[in-house]
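*Asks:* Coordinates for the following, if possible.
(chains A, B, C and D)
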Protein chains: 2
Amino acid sequence: MDGGVKKPGVTSSEVARRAGVSQSAVSRTFTPGASISPKTREKVMAAAQELGYRPNAIARSLITNRSRIIAVVMAYLENLFYPDVLEELGRLLAKENYRLLLFTGQMDRDSDPVFDQLMQYRVDGIILASTTLSSHLSEECAAAGIPVVLFNRTTERDAVSSVTARNREGGRRIAEFLLAGGHRRFGYISGIESSSTNRDRFAGYQEVLAAAGHDDIVVGVGNYDRGEAEAAAREMFARPDRPDAVFVANDHMAVAVMDVARYEFGLNIPDDLSIVGYDDVGPARWTAYGITTMSQPMKRMVEATVNILMGQISRGEIEAEHRILSGDLVVRTSARLPKSGIVEVDGRRLYKPGKS
Amino acid sequence: MDGGVKKPGVTSSEVARRAGVSQSAVSRTFTPGASISPKTREKVMAAAQELGYRPNAIARSLITNRSRIIAVVMAYLENLFYPDVLEELGRLLAKENYRLLLFTGQMDRDSDPVFDQLMQYRVDGIILASTTLSSHLSEECAAAGIPVVLFNRTTERDAVSSVTARNREGGRRIAEFLLAGGHRRFGYISGIESSSTNRDRFAGYQEVLAAAGHDDIVVGVGNYDRGEAEAAAREMFARPDRPDAVFVANDHMAVAVMDVARYEFGLNIPDDLSIVGYDDVGPARWTAYGITTMSQPMKRMVEATVNILMGQISRGEIEAEHRILSGDLVVRTSARLPKSGIVEVDGRRLYKPGKS
DNA sequence: CTGAAAGCGCTTACAG
DNA sequence: CTGAAAGCGCTTACAG
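*Replies:* Numbers count the residues shown, from 1 in each chain, chains lettered A, B, ... in the order given. As a prediction, this is how the structure comes out:
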């Protein structure tokens, strides 16, 4: 399996010989801020050009003890929210001159092979999107001085930072919106029940509904999965006391739930049934769905994630930071409208109670 | 920016000291196949465990001249086909014990910073999904002994391999299907016109239609972009001689085209208009769209890609290979059906002319 | 099977 | 500003 030989690249010594300078001079030429005379630099650059020299990042990493690689662990790529995040993450990390080592899939169990790989490559930071770390693993990162940021999840663990939307408030806002729209019976299709994001969204929703005397939310479990969300929707819509308003924990599932409602149960949305989602991801904006949904400020969330990481890397000190960003309830066509509270901002219709 | 200090990891020397053996013995313990006695190995393992030792992959790469990293350059992540590919790629590469360094965005121009990064990290192979390489850059890879595989594109360039679907045949099949369905006026919404995939799909489509006497295909340019596809569709559907059958170069655009047809022009699909796509990606299967589409055998394509790469890495010899895989025309609800040729295979309805 | 030693391609004090 | 030299953490002939 390792029979072949990759041609070794051009080295700084070869360039040095060609340029008639020391190897150190070559190194300095390619080290921003190193002291080198313009004359030497010029000679080096010329020789490097001729030979097609590129500094070996691997060798540099070994000595600087910095790989300039950030590990990103990401699951649920079939939910377009995450590819969007990945693209933005790639852009911002490149801008900071960092590379992105991608690991797809969850990282749940305690001694994960994925985690082993991360550590072997001496990554400078770890971003976990839609997944968490066991306490054992997060301690290991802290001990190794590697900053960890959870994206779209949060945790109480020391030394693990997080970036999330104001999920609880989002859940509340959705409940207010549906109450104001005159709905009478409420459903919820959950994500993974143990995820902080799901817990917070539901807690907010439940809180406001309970205060309005609605203690009987009909709950189905979707686990952030289309298939499971469909199954949960089927069960929910077949009930004699079918809800007339359902909050689905993310848009990815909401799309599936709408298809079940319309094409399997012949329900008219929003006349028979209102659906509200979360994320404001691509398909939510497609005319066929037009999902009313709590937006997540994806770009700002990614920016905060990179920001936390860069700060901790440069300070060399890891202290958990938790950034919580606000979104808006974007109003489209999947839910009945309240009489008031709808405002238009920058071409989007938002629900801002008390502001119409 | 580089103020902080990452704690250095445990090294093999420290483990050696603790275990009372040489540093070489530690190295051998972690090198599969190296000669080491069970007794020594045990001592080393115990010490490694206590200290939390993990071999430093960076140092190993430096000396073996293999990074075990594959660079993946990918654009169009908002087209779900690519996240699917990415996930599968991650799985297969992990299985082969390779890591995935992701670069998002195109790699068009001649001296790209992305390319520079690839080379600096001494990646063992490069996968370009939905993008190509300039001849200059591909020569540089060949010179460095780094295998390159194009995914979903092809090229004549020496030393650059490719994996594609049988796109020309796919275009033909679609034309046959639409002709058999009794359509009379044909449209095409293209991807990026210079891409091999687009050229081949259109060539096959055109070929069969021309043979049937249809030389007047109405063409709009979508550039694989939702927005542009919508604009192209608007123009096409506003024509007095609006086509009654449109082949859209991929499903990602077909979804947008369907929304325009239905919600902006009030067209009934498939009664007023048949739409056929390409890829068989997630949304094509959603009930709201139910797109009739040429499937791309994504998993087999990814497998072939990894397979080519692994072969060239282990043989140490780079010779362009071109793998071309077949798909099926999956029949759903977005196009009128021919009287015959529809067969059911494994729960999917396919168009196989001459086989009903 | 084992250890001492060389060396991978760099960065970075150190001395000039 | 510049060069000689040490050293980052490993792998791998080499000799025993």
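
*Asks:* how about the residues of the stretch 51-200 of chain A near DNA strand C?
*Replies:* Within reach of DNA strand C by Cβ under 7 Å from any atom of the strand, the stretch 51-200 of chain A has these residues: A:53, A:55-56, A:59-60, A:62-64. C-beta: built from backbone N, CA, C; applies to glycine.

*Asks:* Adding distance to B:G220 as columns, could you present those residues in TSV?
*Replies:* Output for these, formatted as TSV (distance: Cβ to Cβ, whole Å):
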residue	distance to B:G220
A:Y53	47
A:P55	47
A:N56	48
A:A59	51
A:R60	49
A:L62	53
A:I63	55
A:T64	52
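
*Asks:* Filter those residues down to the ones in helices?
*Replies:* Counting by DSSP state H, these place A:59-60, A:62-64 in helices.

*Asks:* For ChimeraX, what selects the buried ones among those?
*Replies:* Of those, the buried ones can be selected in ChimeraX as follows, counting by 16 or more other Cβ atoms under 10 Å in any protein chain shown:
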select /A:59,60,62
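
*Asks:* Identify the farthest-apart pair in the ones in helices among the residues of the stretch 51-200 of chain A next to DNA strand C.
*Replies:* Greatest spacing in those, by Cβ to Cβ: A:A59 and A:T64 (9.6 Å).

*Asks:* Kindly identify which of the residues of the stretch 51-200 of chain A next to DNA strand C also come near chain B.
*Replies:* Subset of these in contact with chain B: A:55-56, A:59, A:62, counting by Cβ under 8 Å from any Cβ of the partner chain.

*Asks:* give me every residue that touches the nearest residue to A:A48 once chain neighbours are set aside.
*Replies:* Using Cβ to Cβ, 6 or more residues apart in numbering or on different chains and skipping residues adjacent in sequence, the residue nearest A:A48 is A:V15, 5.1 Å away. A:V15 makes contacts with A:26, A:44, A:47-48, A:51, A:53, as judged by Cβ atoms under 8 Å, 6 or more residues apart in numbering or on different chains.

*Asks:* By neighbours, which of the residues you listed wins?
*Replies:* Greatest neighbour count in the contacts of A:V15, by other Cβ atoms under 10 Å in any protein chain shown, goes to A:V26: 29 neighbours.

*Asks:* how about the strands in chain A?
*Replies:* Ranges of strands within chain A are A:69-74, A:99-104, A:125-129, A:148-151, A:160-165, A:186-190, A:218-221, A:245-248, A:274-279, A:292-295, A:322-325, A:329-330, A:342-345, A:348-351, based on DSSP state E.

*Asks:* can you list the weak-confidence ranges in the stretch 101-250 of chain A?
*Replies:* Residue ranges of the stretch 101-250 of chain A with pLDDT under 70: A:108-111.

*Asks:* Stretch A:149-162: how far from the chain's middle?
*Replies:* Relative to its chain's centre, stretch A:149-162 lies at 12 Å (Cα atoms, centre = their mean, to the nearest Å).

*Asks:* Any idea which residue of the stretch 251-356 of chain A lies closest to chain B?
*Replies:* A:G316 (1.9 Å; Cβ to the nearest Cβ).

*Asks:* give me the number of residues near the residue lying closest to A:K43 once chain neighbours are set aside?
*Replies:* With Cβ to Cβ, 6+ apart as the criterion, A:K43 has its nearest non-adjacent residue at 4.5 Å, and that residue is A:A19. If you count neighbours by other Cβ under 10 Å, A:A19 ends up with 22.

*Asks:* ok, now which ones touch A:A19?
*Replies:* Neighbours of A:A19 in contact, by Cβ under 8 Å, 6+ apart: A:25-26, A:43-44, A:46-48.

*Asks:* what two of those are the furthest from one another?
*Replies:* A:A25 and A:A46 (12.8 Å).

*Asks:* So which of the two has more stuff around it?
*Replies:* A count of neighbours by other Cβ under 10 Å puts A:A25 above the other of A:A25 and A:A46, at 20 against 13.

*Asks:* quick one: the closest residue to the more buried one other than its chain neighbours from B:F81, how far?
*Replies:* Take A:A25 and drop its neighbours on the chain: the residue closest to it by Cβ to Cβ, 6+ apart is A:T40, 5.3 Å away. To B:F81, A:T40 is 50 Å away according to Cβ to Cβ, to the nearest Å.

*Asks:* Of those two, which one has the most company?
*Replies:* B:F81 (23 against 17).

*Asks:* close enough to count as contact, the more buried one and B:A284?
*Replies:* No: the pair B:F81 and B:A284 fails to qualify as a contact (Cβ atoms under 8 Å) at a distance of 9.8 Å.

*Asks:* and chain A, which of its residues are near DNA strand D?
*Replies:* Contact residues (Cβ under 7 Å from any atom of the strand) of chain A with DNA strand D: A:21-25, A:28, A:35-37, A:39-40, A:59, A:62-63, A:65.

*Asks:* if we can go back for a sec, overlap of the contact sets of B:F81 and B:A284?
*Replies:* Shared contacts of B:F81 and B:A284, defined by Cβ under 8 Å, 6+ apart, comprise B:D251.

*Asks:* list the contacts for the residue in chain A positioned nearest to DNA strand D?
*Replies:* Using Cβ to the nearest atom of the strand, the closest approach of chain A to DNA strand D is made by A:S35 at 2.7 Å. A:S35 makes contact with A:R28, according to Cβ under 8 Å, 6+ apart.

*Asks:* A:V306 too?
*Replies:* A:V306 makes contacts with A:89, A:92-93, A:96, as judged by Cβ under 8 Å, 6+ apart.

*Asks:* Weed out the non-buried ones from these.
*Replies:* Buried subset of the contacts of A:V306 (neighbour count, 16+ other Cβ under 10 Å): A:89, A:92-93.

*Asks:* closest to A:V330 among these?
*Replies:* For these, the nearest to A:V330 is A:L89 (23.0 Å; Cβ to Cβ).

*Asks:* didn't the closest one look like it was pressed against A:T305?
*Replies:* Yes: under the contact definition of Cβ under 8 Å, A:L89 touches A:T305, with a separation of 7.3 Å.

*Asks:* any residues in contact with both of these two?
*Replies:* Listed as contacting both A:L89 and A:T305 by Cβ under 8 Å, 6+ apart are A:I127.

*Asks:* can I get the ones in helices among the residues of the stretch 51-200 of chain A next to DNA strand C in JSON lines with pLDDT?
*Replies:* Formatted as JSON lines, these follow (pLDDT from 0 to 100):
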{"residue": "A:A59", "pLDDT": "96"}
{"residue": "A:R60", "pLDDT": "96"}
{"residue": "A:L62", "pLDDT": "95"}
{"residue": "A:I63", "pLDDT": "95"}
{"residue": "A:T64", "pLDDT": "94"}
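
*Asks:* Quick check: end-to-end length of stretch A:23-40?
*Replies:* 12 Å (Cα to Cα, to the nearest Å).

*Asks:* for the record, mean pLDDT for that stretch?
*Replies:* What stretch A:23-40 shows for mean pLDDT is 93.

*Asks:* who in the stretch 201-350 of chain A is up against chain B?
*Replies:* Residues of the stretch 201-350 of chain A lying near chain B by Cβ under 8 Å from any Cβ: A:255-256, A:258-259, A:262-263, A:282-283, A:286-289, A:310, A:312-317.
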